[in-house]
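1. quick one: sequence plus predicted model below, questions after.
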Protein chains: 2
Amino acid sequence: MDAEIITIGDEILIGQVIDTNSAWIAQKLNDIGINLVQISSISDNTNNIIVALDHAIERADVVIITGGLGPTKDDITKETLCTYFETELQLNDEALKSVENYFESKGLKTTKLNRDQALLPACCKPLQNNFGTAQGMWFEKNGKVFVSIPGVPYEMKFIMEDSVIPMLSTKFQTNTILHKTIMTTGIGESYIAEKLSELESNLPENIKLAYLPKPGIVRLRLSGTGSDKKALETSLINYVQEIESVISKYVYGYDDEKLEKVIGRLLKDKNETVSTAESCTGGYIAHLITSIAGSSNYYKGSAVVYSNEIKEKVLEINGKTLKNHGAVSEETVIEMAESVRDQFQTTYSIACSGIAGPDGGSDEKPVGTVWTAIATYNSTITKKFLFENNRERNIERTAIACLNLLRKSIIDS
Amino acid sequence: MDAEIITIGDEILIGQVIDTNSAWIAQKLNDIGINLVQISSISDNTNNIIVALDHAIERADVVIITGGLGPTKDDITKETLCTYFETELQLNDEALKSVENYFESKGLKTTKLNRDQALLPACCKPLQNNFGTAQGMWFEKNGKVFVSIPGVPYEMKFIMEDSVIPMLSTKFQTNTILHKTIMTTGIGESYIAEKLSELESNLPENIKLAYLPKPGIVRLRLSGTGSDKKALETSLINYVQEIESVISKYVYGYDDEKLEKVIGRLLKDKNETVSTAESCTGGYIAHLITSIAGSSNYYKGSAVVYSNEIKEKVLEINGKTLKNHGAVSEETVIEMAESVRDQFQTTYSIACSGIAGPDGGSDEKPVGTVWTAIATYNSTITKKFLFENNRERNIERTAIACLNLLRKSIIDS
């Protein structure tokens, strides 16, 4: 069973908006065994939309159309679908009630523009939207399904989970697609590939291995297809174990689990806690840790000490240490880590100080120089990194390196 | 002049990777007057790639292909381009030198897999990659241009800026496309549309207005096309002023400028400083502020006080305040804001405390309840918000609300 996504909106084509919807939809379709064959982003233009629909339906059984359903004049998806399905807009009572309830619940008045949101193509089945005024629409033609939903992410997600996925599961009986992902850090893509070369050559036809690098992390994804879900699952698990036996020291988790999630799990299991003292990452490590629901069980807080004055005052870093060794030094991060651990009374602490860039580098300490430290109850380890001249990436890579050092410390302790 | 992007890689189609490259490329093409008509994401499959190339070249003069150039076996773009252009892979001396230099500069050995990266289709012009081993490739056929570049974002960006954009500018003389964007916060899309309805109806044919909402923010984008760049620019500026006169109190900036950047500019101009005391946002406000290069000039740091114990200890919040009113209360955020302002000795401070979710809500204070405060040297203002039951969005919306309150305080002071 194949599907295709068509995203409609000039905002994606001029680069003002990044299409995050498609990845989310792709995962949901995969979960019910529907294989995504293409994503096409096109503009709010009647002719383009119709051509895209024609091409899509040649390749796919299900076409998911997102965007262009807003109340404003630049949105033309509904009118275009009327043309495509040779029908007309009609006031849908169910949809009108839904729109009016939406505004009433917020204590707001319903405008004329909002009421127009209840005009839908006559041949569609409306799909309820609890988070906005644009209803979803389900069409069928020659045994194929077309779904049109809003592009606003949380509205799209609600309609997909509440209506589209259950309805597709009911309508189609599908083949199984399974993925297993191994998360690694601390080794580059080509070095892993060398180590896995022989194993990769011996993979069966129905199982593929892909390497997905991003700053500080390489994900290894095994994808398998088959009719027997249980056999496929077993086969994939065996290959995961085989791969892991070759590169175990770089593996930190599975299936897109984030490092901050792994750390949360480890700390909760041991009933231990952590705090952070951040300079160059400016609160990003704290943000990653607290992005996990339930992190208040093991995370106490962070001292984001961006200026030297605050390093001295809040973390009581010795003025002489800063003067003699500089803020970006092993001596400073050791004091930072131990101070925040003691002040916040946690089992572990993370500290980092570096030159994120673009300015502030020197010959001795170029942009990208970062010192990190992990304090445990009786010892403090440090590690120096030399990243690149890219502020965003240096912040990201520092955070990942720190979280990985913490992970190892927890496991080793 | 029209272009199309083809991104190759199963990782996008199974939803494991979000395509951030296309938005970036779209902006760069727009800057040189090249209009993007479609983005297609397809899988690592020879036949699919060839069909996509055939379709793309019907619509566009320039086709940018990203991805599938890694050293590993799942990457087949180079071989497929050989088939498409009826040519063969050939060792390219220039490319080999580039690959060897890359590894030498990192003190690493060049593997066989890496050396194979210097095998390129015979008819292409190689485009140097300073950040990786996959070279870019430039092809021409029947007056149309095909560019193949890696999918790794920083490698892609380097090759685009260093080679592709300059080469396209030289080769094509293009029409002008201009965009102006007005950034608003504190008002919903349909309410703005009502206010701008008449103005929108009177826009000339060559100028379009689009509404782009995201949590807490609505962007209004005016897009114009024309042959006379200067006249178009003037016309767009006039419409921006007209729109702004109608909705001035919601406008915080222009052209995708982030709130944290606006705040940085305002603080630098006044030679003032800010600090933050964060509970529910867990360091995210600090991260946003410090994501701006040069923020160390006006930002001193944050106390991320995730637990009550740390609120008392680090920010000296009165135990009675926490006991009588709770951590999520007006009284607590006032103490947090004033304490961090005094401890960090800054002109302003931001404080927030709320229930991000999914747990921790009560009838009196449901998930999504957030108290915020801004302290200035002689006064503290507060504001309560009631967001939704979505942890990620509550953190995002709280941060935006806090930054906007700070912006207003700086302007009003």
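-> All right, it came through fine.

2. is the helix or strand that contains A:Ser339 in proximity to chain B?
-> Secondary structure assignment for A:Ser339, by DSSP states H and E: helix A:330-344. Yes: contact of helix A:330-344 with chain B (C-beta under 8 Å from any C-beta of the partner chain) involves A:343-344. In short, each C-beta sits where N, CA and C put it, glycine included.

3. next SSE after that helix?
-> strand A:348-354.

4. for that next one, which strands pair with it and how are they oriented?
-> Using DSSP bridges, the strands paired with strand A:348-354 are strand A:274-278 (parallel), strand A:369-375 (antiparallel).

5. farthest from the middle of chain A: give me that residue.
-> What lies farthest from the middle of chain A is A:Lys320; by C-alpha atoms, centre = their mean that is 42.7 Å.

6. which residues of the stretch 101-250 of chain A score low on pLDDT?
-> Scanning the stretch 101-250 of chain A for pLDDT under 70 picks out the ranges A:174-175.

7. near chain B, which residues of it?
-> Residues of the stretch 101-250 of chain A lying near chain B by C-beta under 8 Å from any C-beta: A:111, A:113-114, A:133, A:152, A:154, A:179, A:181, A:189-191, A:193-194, A:197, A:200, A:208-213, A:219, A:221, A:223.

8. quick one on the thing from earlier: in what helix or strand does the residue farthest from the centre of chain A lie?
-> helix A:319-325.

9. contact partners of that helix?
-> A:308, A:311-312, A:329, A:331-332, A:335 (C-beta atoms under 8 Å, 6 or more residues apart in numbering or on different chains).

10. 10 Å instead, please
-> A:308-309, A:311-312, A:318, A:327, A:329, A:331-332, A:334-336, A:371 (C-beta atoms under 10 Å, 6 or more residues apart in numbering or on different chains).

11. which of these are buried?
-> The neighbour-count test (16 or more other C-beta atoms under 10 Å in any protein chain shown) applied to these identifies A:308, A:311, A:327, A:329, A:331-332, A:334-336, A:371 as buried.

12. need the longest helix for chain A.
-> Secondary structure of chain A per DSSP state H: the longest helix is helix A:391-412.

13. and that helix, what's buried?
-> In helix A:391-412, the ones that count as buried by 16+ other C-beta under 10 Å are A:391, A:393-407, A:409-410.

14. before we move on, what about stretch A:361-376?
-> Here stretch A:361-376 shows A:361, A:365, A:367-376 as buried, counting by 16+ other C-beta under 10 Å.

15. now do the SS call for A:Lys384.
-> Secondary structure, DSSP: H, G, I helix; E, B strand; the rest coil: A:Lys384 is strand.

16. before we move on, what about A:Ala293?
-> At A:Ala293 the chain is in coil, as set by three-state DSSP.

17. that one and B:Asp162: what is the separation?
-> Using C-beta to C-beta, to the nearest Å, A:Ala293 is found at 43 Å from B:Asp162.

18. please apply the same query to A:Thr273.
-> From A:Thr273 across to B:Asp162, the span is 47 Å (C-beta to C-beta).

19. between the two, who's got more neighbours?
-> A:Thr273 (18 against 15; other C-beta atoms under 10 Å in any protein chain shown).

20. re earlier: which one of the buried ones among the contacts of helix A:319-325 is nearest chain B?
-> A:Lys311 (8.5 Å; C-beta to the nearest C-beta).

21. what helix or strand is the closest one located in?
-> Assigned by DSSP H and E, A:Lys311 falls in helix A:308-314.

22. now do that helix: which elements does it pack against?
-> In terms of contacts (3 or more C-beta pairs under 10 Å, 6 or more residues apart in numbering or on different chains; DSSP states H and E), helix A:308-314 is packed against strand A:299-305, helix A:319-325, helix A:330-344, strand B:299-305, helix B:330-344.

23. so which of these gets nearest A:Gln90?
-> For these, the distance to A:Gln90 is smallest for helix B:330-344, at 49.4 Å, taking C-beta to C-beta.

24. report the angle between the closest one and helix B:308-315.
-> Using axes from the mean of the first three to the mean of the last three C-alpha atoms, to 10 degrees, the direction of helix B:330-344 lies 40 degrees away from that of helix B:308-315.

25. which one is A:Ala286 nearest to, not counting chain neighbours?
-> B:Gly283 (2.9 Å; C-beta to C-beta, 6 or more residues apart in numbering or on different chains).

26. so A:Lys125 sits against A:Phe146, correct?
-> No: the criterion here is C-beta atoms under 10 Å, and A:Lys125 misses it with A:Phe146 at 11.0 Å.

27. which one of those two has more residues nearby?
-> A:Phe146 (21 against 15).

28. and the strands in the stretch 151-300 of chain A?
-> A:176-185, A:207-214, A:217-226, A:251-254, A:274-278, A:299-305 (DSSP state E, counting those that start in this stretch).

29. returning to what we had before: adding distance to B:Asp54 and pLDDT, write the buried ones among the contacts of helix A:319-325 out as TSV.
-> As requested, the buried ones among the contacts of helix A:319-325 are exported to TSV (distance: C-beta to C-beta, whole Å; pLDDT from 0 to 100):
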residue	distance to B:Asp54	pLDDT
A:Asn308	60	91
A:Lys311	60	93
A:Ala327	57	95
A:Ser329	58	97
A:Glu331	62	97
A:Thr332	59	97
A:Ile334	61	98
A:Glu335	63	97
A:Met336	58	97
A:Trp371	53	98
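
30. what's the most distant pair in the residues you listed?
-> The most widely separated members of those, counting by C-beta to C-beta, are A:Asn308 and A:Ile334 (16.2 Å).

31. all helices of the stretch 151-300 of chain A, in order?
-> With DSSP state H, counting those that start in this stretch, the ranges of helices along the stretch 151-300 of chain A come out as A:153-159, A:165-171, A:189-201, A:229-247, A:259-270, A:284-290.
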